[in-house]
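**Student:** how does the following fold in three dimensions:
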Amino acid sequence: MASTDDTQLPQRIQELAEPLAAELEVELVDVEVKGQGNRRLVRLVADATDGLDVDVIAALSRKVGGALD
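**Tutor:** Next up is the predicted model:
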């Protein structure tokens, strides 16, 4: 992901992650970014009509993590 200022980062990540979540039939509810520089934590809040299980959460994490790298 190209460099961007901290105020735009959550929105940019949400734009990147929403189509990936949709592939898993998951709704991305919120994106939080904490920390700075190379020490950032990205927290995704997701939901699904039938609920989420750990396998879907792990798949979403891998997809978004790969896209952010």
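
**Student:** distance check, the residue lying farthest from the centre of the chain against residue 9.
**Tutor:** Computed with Cα atoms, centre = their mean, the residue of the chain farthest from its C-alpha average is residue 50, at 19.6 Å. Distance, residue 50 to residue 9, using Cβ to Cβ, to the nearest Å: 31 Å. Where C-beta positions appear, they are placed from N, C-alpha and C, glycine not excepted.

**Student:** quick one, what contacts the residue lying closest to residue 18 once chain neighbours are set aside?
**Tutor:** Nearest non-adjacent residue to residue 18, counting by Cβ to Cβ, 6 or more residues apart in numbering: residue 28, 5.1 Å away. Residues near residue 28 by Cβ atoms under 8 Å, 6 or more residues apart in numbering: 14, 17, 18, 21, 44, 45, 46.

**Student:** what about residue 28, which SS state?
**Tutor:** Assigned by DSSP: H, G, I helix; E, B strand; the rest coil, the conformation of residue 28 is strand.

**Student:** residue 52 now?
**Tutor:** Residue 52 ends up coil, using three-state DSSP.

**Student:** go on, residue 13?
**Tutor:** helix.

**Student:** and for it, the neighbour number?
**Tutor:** Per other Cβ atoms under 10 Å, the neighbour tally for residue 13 reads 21.
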